[in-house]
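Chemist: Sequence and predicted structure are below.
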Amino acid sequence: MLTVTSVNVNGLRAAAKKGFVEWLADTSADVLCLQEVRAEPGQLPAAAGAPEGWFVVHAPAAAKGRAGVSLYSRREPDAVRVGFGSAEFDTSGRYVEADLPGVTVASLYLPSGEVGTERQDEKVRFMDAFLAHLKELRERAAADGREVLVCGDWNIAHEPADLKNWRGNTRNSGFLPEERAWLTRVLTPEEGGYVDVVRALHPGLEGPYSWWSYRGRAFDNDSGWRIDLHVSTPGLAGKAVKGYVERAATHAERWSDHAPVTVVYDL
């Protein structure tokens, strides 16, 4: 069995003070993908940034205090790669991948975007470059007899079932028609060739949501978004036996505005 958890920690230094360290000590995950770490490795407390029993790779952004992805594994990876061959994005702290036995696992933090600003233009450029990488990665892995799993904050809700207030967000970044169409391309067998693992395990279900705004009572009302995804090649997706969101029991017990998304794969 391979258990993989993905979570946007919304700043690992802050999360470490709010309960992340205790959660990490209790997790049964074999691999952990973090996004929005927002720190250099040397700025992190050892219990969060270099915990005993884990092999850890951090990929911080060149811009201090922004983005940052990390990948934790209980066994040492055979190889690690930061970035995906993009001159613009390889130092942006948005992608790291590691080769484990039979599978390449990646942690992704796709730009969030903001309609009408350069941030949205950046998101579109990232999506264009990243889809090309996803195709090449799938083909390279297949040639090596490997599966691929890209976990992370994709910052796109694909369908109305993936966010509570979808009607009020059709003109907002994260649920724009063109963003949703791009994710459809990722998940189309003839193009990207990947599978949304949790949706495949829970067809027709509202959610399960993984991000709730800190504003208002979004968490208490479960007015959330499902934007933290496990996206894998079909062979691995077919081996997923359980997928769930580790939603905190109460608002006060949250250590991030996102919740961990965990999938168990029966290899």
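Modeler: It's in.
Chemist: Would you state the predicted confidence (pLDDT) at the spatially closest residue to A67 that is not a sequence neighbour?
Modeler: Distances taken as C-beta to C-beta, 6 or more residues apart in numbering place G93 nearest to A67, at 3.7 Å, with adjacent residues excluded. (Glycine included, C-beta is placed from N, CA and C.) G93 is assigned 98 on the pLDDT scale.
Chemist: do the one 5 residues further on as well
Modeler: For A98, the model assigns a pLDDT of 98.
Chemist: and if you look at the one 5 residues further on?
Modeler: Residue-level confidence at V103 comes out at 98, pLDDT.
Chemist: give me the beta-bridge partners of it?
Modeler: V103 has these beta-bridge partners by DSSP bridges: L100, E147.
Chemist: Correct me if wrong: Y265 contacts K242.
Modeler: No: using C-beta atoms under 8 Å, Y265 makes no contact with K242, being 9.1 Å away.
Chemist: Kindly tell me how buried E159 is, as a neighbour count.
Modeler: As a burial measure, E159 scores 14 neighbours (other C-beta atoms under 10 Å).
Chemist: For the residue lying closest to it once chain neighbours are set aside, which residues are in contact?
Modeler: Among residues not flanking E159 along the chain, R180 sits closest, at 7.5 Å (C-beta to C-beta, 6+ apart). By C-beta atoms under 8 Å, 6 or more residues apart in numbering, the residues touching R180 are I156, A157, H158, E159.
Chemist: how about a cut-off of 10 Å?
Modeler: For R180, the contact set (C-beta atoms under 10 Å, 6 or more residues apart in numbering) comprises I156, A157, H158, E159, P160, D162, T170, G174.
Chemist: Give me the PyMOL select line for those residues, limited to the buried ones.
Modeler: In PyMOL, this line selects whichever of those come out buried by 16 or more other C-beta atoms under 10 Å:
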select buried, resi 156+157+158+162+174
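Chemist: before we move on, back to that, shared neighbours, Y265 and K242?
Modeler: Joint contacts of Y265 and K242 (C-beta under 10 Å, 6+ apart) are M1, T3.
Chemist: Tell me which of those two has more neighbours.
Modeler: Neighbour count, other C-beta under 10 Å: between Y265 and K242, Y265 has more, with 24 against 13.
Chemist: rewinding a little: so how far is V148 from the residue nearest to E159?
Modeler: According to C-beta to C-beta, to the nearest Å, R180 and V148 sit 22 Å apart.
Chemist: do the same with R125
Modeler: Here R125 is placed at a distance of 22 Å from V148 (C-beta to C-beta).
Chemist: how about the strands of the stretch 101-250 of the chain, start to end?
Modeler: 103-109, 147-153, 195-196, 228-232, 240-245 (DSSP state E, counting those that start in this stretch).
Chemist: The ones you listed: which one's closest to L205?
Modeler: Closest of the strands of the stretch 101-250 of the chain to L205 is strand 240-245, at 10.7 Å (criterion: C-beta to C-beta).
Chemist: Much appreciated, bye for now.
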